[in-house]
Each structure stands twice: as structure tokens, then as C-alpha cells.
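Engineer: Below are the sequence and a predicted model; questions follow.
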Amino acid sequence: MDRPLRFGVSTPGGPLAVEELRSVARVISRSLDIVLWFEDFASPPPIAEFAVARRWGARPIVTWEPWLCRGHARNVSSEPFQLIVEGRYDAYLRRWADELRDFGSTVYVRFAHEFNGTWYPWSPAGGTSASAYTAAWRHLHSLFAAHGAANVRWVWAADASSEQEGALQDWYPGTDCVDVLAVDGYNWGTSLPGARWVTPPDLFARPLEQLRGIDDGKPILVTEVACAEAGGDKPAWIGDLVRELSGQRNVTGFVWFDHDKETDWRLTSSPESAQAMAAALQDVAA
């Protein structure tokens, strides 16, 4: 039997959309170990969401995105990183630190994920440097520590498909202020022009090895993963994914991105896909 893996999910409505979580749990015939969702810098501390995830017996992971959403418009400037370092967000950050501390139970914060991609302002393409990124991260971590938020675990998440992998080390805030290493990866199949079917080993083997090279003492999570239907056999890919991750040193679990967004990433995109995940997880249950 392969090493146990925790299984988590991200759904469109987040932890408060309980029926979405129940639906995933039903189709895979098991409970959820992790619930992941997204908040921006206009969001109050998501205490209700943490509480719901904990009632499920799941680890709550909030993806904290340092930009401001106004309806469908976003402030996509890299400026928030400089403002964080200057202390301009400290009142807002202190509120998060205090309320997360007072929540008491362990919570996970995935700050400014996929920094090595090209689609977020907290990336080289968005005008953010590695030094600005790490300085902002360390300021955030120091502020939470000063407010006694020792129950917060910090998740540093890279993107698996980035061409900037060689510089990954430059973006690492340091072993003293990161608790979990993470990576996100998607098999787009042929759902996009010019895209191709990518196997789980091709997608994850190299970035996982790079994460271990940066800090081999940390646990690793795959914090976003999903597969398109177009271009290959999604049920077979799901089985291959679970086998690949269960054989990877330091990998403790993965989070399925169960959204119908750019394409239908959901496990229920076909009955066979849902059945494949349920079967694969039977052999690697945490």
C-alpha cells in the first residue's frame, strides 16, 4: 500500500457553501481532509469559514491574495508589496493576526501563491521583485508572531508550469517563516489552443524535487490540481496522479480544484472521473 495522502478540495462557494463540500465528499465516498478557499486584501478575517472547515474535521487553508477586488474589477498593481513593507497595511494585518490567534485552532495561510507565474501582480511579470516579495512575506510573518498568532501555519506555493523555476530559491522567504511548501499544477489537455496533454509525473516531478532542494525538512502539499477532459483520459490521469503523489517523498496531500471555470475541472465532469478518484483514494487514505 502506498503512503497515505490527505485529500482536499476547493469549490466555488468556499467553506460556507456546505452543499458543495458535501457533494464532493459523496462522490468520492470519504470525508475531506483539507478545505481551501480564496480571500483578498479587502476581506475581513474568515473566522466563520475556519469554523466550518474545522467542523468538517478538515484543515482550513485560506489563500490570501494581496490585491483588492471591487466587484469584478481588481487592483492589479504590485504596489501593495511596498506598502506592506512600509507598514501601511499594519492595522489591517493586525486585525487578521488577532482574530486568527483568538480562533485558537491551527489554521493555514497561503499568501501570494503562484508568484513564479505571469498572471498575478506578485510576480516578475507583474512588476514584483523577489526581494520585495520576500520582504513583504517576512514583515507579515513578524507581525503575526508579535501578536502571538502561533497557531497560524504559513504555506508557500509555487506554480508547477512556470519557466522561471531556476530562480525559485530567490523567492523563498526562509525556513523560519514558512511551515509548508506547496505547488499548483493543471493538466489543460487540449482545452486551450496550443496546449497538450501532460502526465502527472511530467507536471510535478521536477517542481517537487526543486522544493525539496530548497528546504528538505518541510512537508509538501499540492494546493491546486485538476485535469481537463479534452485531449486524453481524465479518469486514468486521476489514478496516475494519486499514485505519483503517494510515491513522492515529503508530499502529504493534495487539493482538487473543483471548479467549472476556464474548463470543467470538476471531479463530476464525468461519472468515470468521480469514480476514478474514489477508487484511487481507497488505497492512499490518510
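Structural biologist: Sure, I can see it.
Engineer: Which secondary structure state is assigned to Asp184?
Structural biologist: Of the three states, Asp184 takes strand according to DSSP: H, G, I helix; E, B strand; the rest coil.
Engineer: Name the spans of this protein whose pLDDT lies under the cut-off.
Structural biologist: Filtered on pLDDT under 70, the chain yields the residue ranges 1-3, 69-78, 163-166, 285-286.
Engineer: mind checking the longest helix of it?
Structural biologist: Secondary structure assigned by DSSP state H gives helix 130-146 as the longest helix of the chain.
Engineer: So which residue is dead centre in the chain?
Structural biologist: Geometric centre of the chain, nearest residue: Thr223, 3.2 Å, by C-alpha atoms, centre = their mean.
Engineer: one step back: please point out which parts of the longest helix of the chain sit buried.
Structural biologist: 130, 132-141, 143-144 (16 or more other C-beta atoms under 10 Å). Yep, even glycine has a C-beta here, placed from its N, CA and C like the rest.
Engineer: what's the angle from the helix or strand that it is followed by to helix 130-146?
Structural biologist: Sequence order places strand 152-159 as the next helix or strand after helix 130-146, per DSSP states H and E. Between the direction of strand 152-159 and that of helix 130-146, the angle (axes from the mean of the first three to the mean of the last three C-alpha atoms, to 10 degrees) works out to 160 degrees.
Engineer: for the longest helix of the chain, packing partners?
Structural biologist: If contacts are counted by 3 or more C-beta pairs under 8 Å, 6 or more residues apart in numbering; DSSP states H and E, helix 130-146 sits against helix 79-86, helix 90-103, strand 152-159.
Engineer: To Trp237, which of these lies closest?
Structural biologist: Set against Trp237 and scored by C-beta to C-beta, the helices and strands packed on helix 130-146 come closest in strand 152-159, at 18.9 Å.
Engineer: so how far is the closest one off the chain centroid?
Structural biologist: In terms of C-alpha atoms, centre = their mean, to the nearest Å, the gap separating the centre of strand 152-159 from the centre of its chain is 7 Å.
Engineer: show me where the stretch 151-286 of the chain has helices.
Structural biologist: In the stretch 151-286 of the chain, the helices defined using DSSP state H, counting those that start in this stretch lie at 200-214, 234-246, 271-282.
Engineer: if we look at the last one, which residues are touching it?
Structural biologist: Contact partners of helix 271-282, identified using C-beta atoms under 8 Å, 6 or more residues apart in numbering, comprise 5, 7, 27-30, 227, 229, 234-236, 238-239, 241-243, 256, 267-268.
Engineer: Kindly recompute the last result at 6 Å.
Structural biologist: Contacts of helix 271-282 from elsewhere in the structure, counted by C-beta atoms under 6 Å, 6 or more residues apart in numbering, are 7, 27-29, 234-235, 238-239, 242, 267-268.
Engineer: among those residues, who's most crowded?
Structural biologist: Greatest neighbour count in the contacts of helix 271-282, by other C-beta atoms under 10 Å, goes to Ile238: 27 neighbours.
Engineer: number of nearby residues for the spatially closest residue to it that is not a sequence neighbour?
Structural biologist: Of all residues not flanking Ile238 in the chain, Ala276 sits nearest, at 4.3 Å (C-beta to C-beta, 6 or more residues apart in numbering). Number of residues near Ala276 (other C-beta under 10 Å) recorded here: 23.
Engineer: can you check Trp256 too?
Structural biologist: Number of residues near Trp256 (other C-beta under 10 Å) recorded here: 26.
Engineer: In contact with it, which residues?
Structural biologist: The neighbours of Trp256, taking C-beta under 6 Å, 6+ apart as the test, are Val9.
Engineer: hmm, try it at 8 Å
Structural biologist: Listed by C-beta under 8 Å, 6+ apart, the contact set of Trp256 reads 7-10, 24, 225-226, 265, 267, 277.
Engineer: tell me the two of those that are most distant?
Structural biologist: Greatest spacing in these, by C-beta to C-beta: Phe7 and Trp265 (15.3 Å).
Engineer: From Thr118, how far out is the closest residue to Ser29 other than its chain neighbours?
Structural biologist: Residue nearest to Ser29 in three dimensions, not counting chain neighbours: Ala278, with 5.0 Å by C-beta to C-beta, 6+ apart. The spacing between Ala278 and Thr118, counted by C-beta to C-beta, to the nearest Å, is 35 Å.
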